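>>> Sequence plus the predicted model coming up.
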Amino acid sequence: MSLINNRIILIRFSLPQKRKHGHPYNRRPPLQIGYMISLLKKEYEIKFLDGWITNYSLNLLLKKTRDFNPVVAVMSFTAEERQSALVYATKIKELSSHIKIICIGPYASTLPQTLIFEKSPIDFVLMGECEIDLVRALRNLNSTEELKKIRSLYFKEKPQAEIALVEDLNRLPMPEHSFFNPKHYFSIYPLPLNLTLKWGYILSSRGCPHRCIFCSPVIRTSYGSKMRFRSAKSVVEEMLYLKSAGVNIISFEDDNFTASKEHILELCKEIVNKKVNLPWIAHGRVADLSNEIMFAMKKAGCVLLKIGVESGSNRIIDILSKTEEKIDWNKKTREVFEQSKKINLSLHAMFIIGNPQETEKDLNLTINLINEIKPESIQIHYFVPYPGSIAFDRYCYNQKFNDALHHYNPSNIINLSEINTKKLKKTQRYIYRTFYLKPPFLIKHFLKYWRFYLHNPRVAKEGIKGLIRI
């Protein structure tokens with residue numbers, strides 16, 4: 001490779017929810033970039049700028065890039081940051097004409113054609129789980145013929161590409177966690193812990209086999225329907241590494257942590273056997289959960305499961321294609337929450353409103369279910385047909401994608417329900433306020449979590465701010 005130098009800058013643009021949406025937000029490190037740094041660090045000098053941590057102005061971002069003088073800039077950004085990324089790319093090309101710019105991440109993978117066009121400052125898009133393909137692309141930047149052989153690489157001379165999947169996750173090294181200072185990253189959930197949290201983030205699997213119509217790479221951590229699992233040994237080794245680095249709680253970022261009973265039970269057994277002794281949280285799925293699985297997770301240190309309940313209406317669950325099996329979703333949800341209370345495992349319930357064909361009757365069923373299952377906390381977001389989802393192809397195929405779409409953005413709702421949009425917004429506020437501000441809930445919550453909030457005032461602050469804004 002005959003590059004001008006061996007410097008690579010990786011940039012994650014700023015977090016849009018922080019500025020534009022009222023909900024509290026979780027600030028997670030970009031694990032894909034962490035994997036990339038691990039693969040690149042022996043050959044290249046690396047600089048990482050995280051706009052989620054520092055709200056860089058365009059001028060400061062340009063200055064830091066120019067001062068570092070990289071040969072390649074790798075950018076990750078959301079739909080809402082697309083225009084900012086294009087402006088940055090244009091400016092940095094004017095300052096450093098030799099630099100090559102590569103886009104990665106969910107947005108770039110879903111809509112590469114919006115980044116590669118006539119006179120675009122972007123040179124390449126790498127689609128999907130492209131950590132290994134990035135190494136190959138960097139080694140062949142001066143050979144168009146070799147670049148054309150990289151299936152996930154999209155560029156002017158090759159305007160067709162495929163989403164890359166890492167088939168064997170154990171081939172990847174551990175993400176370079178040293179670039180992710182725990183004091184900068186956090187999750188906003190009340191937890192039954194009496195300590196100041198220092199978060200670490202891990203992927204134990206990738207993929208999700210289900211066909212929920214709202215799901216899109218834009219909101220996924222991984223890609224594809226094929227489930228791939230890391231060995232329990234490698235996951236536990238990463239947990240122990242993070243523990244040695246000062247982390248005292250783990251967030252598993254898997255899109256579908258509970259997809260495989262065998263994987264979960266094996267991992268939980270390994271965590272117990274190796275005496276990891278770290279609390280952790282993860283995403284769970286109603287249809288996957290049983291008393292056996294929840295008990296094993298609880299024993300292994302799980303203190304919170306985030307559950308996508310979505311709706312209290314079985315009719316809406318069917319429309320969303322939430323489950324392939326014919327089950328009574330409402331009944332199964334009630335059973336799971338009842339079982340969780342028996343073993344004292346906290347569940348955070350997430351719901352969607354404004355679903356296709358949803359009526360006020362359906363919405364009332366959701367409200368009734370929330371009141372019945374009494375989760376520890378809730379999230380209510382709007383149905384959004386993101387590009388790459390079945391819903392987008394079904395309902396919005398002839399519409400231009402709006403960069404401002406976001407499932408917590410009340411100012412730009414694509415309302416596919418039979419409920420008035422104004423009524424939807426009012427209902428979201430009603431659910432939040434009646435759930436969180438009932439005196440019995442407040443008293444019980446305070447008694448359970450006041451020590452946690454003393455150690456972690458940011459969680460309380462973000463929660464209060466969110467309720468005020470909604």
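That came through fine.
>>> Tell me which residues touch T90, please.
By Cβ atoms under 8 Å, 6 or more residues apart in numbering, the residues touching T90 are P121. All C-beta spots, glycine's among them, are computed from the backbone N, C-alpha and C.
>>> Recalculate using a threshold of 10 Å.
101, 119-122 (Cβ atoms under 10 Å, 6 or more residues apart in numbering).
>>> Which parts of the stretch 151-300 of the chain are helices?
Taking DSSP state H, counting those that start in this stretch as the test, the helices found in the stretch 151-300 of the chain are 232-244, 261-273, 291-299.
>>> quick one: K226 from E129, how far?
Using Cβ to Cβ, to the nearest Å, one gets 11 Å for the distance from K226 to E129.
>>> The two: which is more packed in?
Ranked by neighbour count (other Cβ atoms under 10 Å), K226 and E129 place E129 first, with 25 against 12.
>>> and the residue nearest to that one when sequence neighbours are not counted, how many neighbours?
Once flanking residues are discounted, E129 sits nearest to V166: 4.7 Å by Cβ to Cβ, 6 or more residues apart in numbering. Residues within reach of V166, counting by other Cβ under 10 Å, total 21.
>>> Contacts only, for V166.
Applying Cβ under 10 Å, 6+ apart to V166 gives the contacts 35, 128-133, 172, 206-207, 222-224, 228.
>>> Could you check the pLDDT of it?
For V166, the pLDDT comes out at 97.
>>> what are the phi and psi values for it?
phi -90, psi 110 (degrees, to the nearest 10).
>>> And for Y408?
Here is the backbone geometry of Y408 (degrees, to the nearest 10): phi -120, psi 20.
>>> Domains in this protein, by residue range?
As assigned by automatic domain parsing, the chain contains the domains 7-154, 187-469.
>>> any chance of those in JSON lines, with distance to E162 too?
Below are those laid out as JSON lines (distance: least, Cβ to Cβ, whole Å):
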{"stretch": "domain 7-154", "distance to E162": "5"}
{"stretch": "domain 187-469", "distance to E162": "10"}
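>>> Quick one: those domains as a markdown table, columns for distance to S178 and mean pLDDT too.
Converted to a markdown table, those look like this (distance: least, Cβ to Cβ, whole Å; pLDDT from 0 to 100):
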| stretch | distance to S178 | mean pLDDT |
| --- | --- | --- |
| domain 7-154 | 9 | 92 |
| domain 187-469 | 8 | 93 |
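>>> The residue nearest to D168 when sequence neighbours are not counted: what's it in contact with?
The spatially closest residue to D168, leaving aside those adjacent along the chain, is R228, at 7.5 Å (Cβ to Cβ, 6+ apart). Applying Cβ under 10 Å, 6+ apart to R228 gives the contacts 129, 165-170, 205-207, 222.
>>> By neighbours, which of the contacts of V166 wins?
When neighbours are taken as other Cβ under 10 Å, the top entry among these is C130 (31 neighbours).
>>> surely it meets P112?
No. Counting by Cβ atoms under 10 Å, C130 sits too far from P112 to count as a contact (11.6 Å).
>>> shared neighbours of those two, which are they?
Joint contacts of C130 and P112 (Cβ under 10 Å, 6+ apart) are 153, 161.
>>> picking that back up, what touches both of K226 and E129?
Contact criterion Cβ under 10 Å, 6+ apart; residues shared by K226 and E129: 165, 167, 206-207.
>>> Could you export those residues as JSON lines, including distance to L191?
Compiled in JSON lines, the shared contacts of K226 and E129 are given as follows (distance: Cβ to Cβ, whole Å):
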{"residue": "L165", "distance to L191": "33"}
{"residue": "E167", "distance to L191": "35"}
{"residue": "R206", "distance to L191": "26"}
{"residue": "G207", "distance to L191": "27"}
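>>> which ones among those are found in strands?
R206 (DSSP state E).
>>> just the shared contacts of K226 and E129 now: which is nearest Y25?
R206 (23.2 Å; Cβ to Cβ).
>>> Who is the residue nearest to E376 when sequence neighbours are not counted paired with across the strands?
Leaving aside its chain neighbours, E376 sits nearest to S346 (4.4 Å; criterion: Cβ to Cβ, 6+ apart). Beta-bridge pairing for S346 (DSSP bridges): L304.
>>> give the contact list for S346.
Applying Cβ under 10 Å, 6+ apart to S346 gives the contacts 189-192, 281, 298, 302-306, 340, 375-377, 448.
>>> Which of these are buried? Put it as a ChimeraX command.
Restricted to buried positions by 16 or more other Cβ atoms under 10 Å, the ChimeraX selection for those reads:
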select :189,190,191,281,298,302,303,304,305,306,340,375,376,377
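>>> From E146, how far off is E157?
For E157, the distance to E146 - Cβ to Cβ - is 12 Å.
>>> These two: which is more packed in?
Per other Cβ under 10 Å, whichever of E157 and E146 has more neighbours is E146, with 13 against 9.
>>> and the more buried one, that's in a helix?
Yes. Counting by DSSP: H, G, I helix; E, B strand; the rest coil, E146 is part of a helix.
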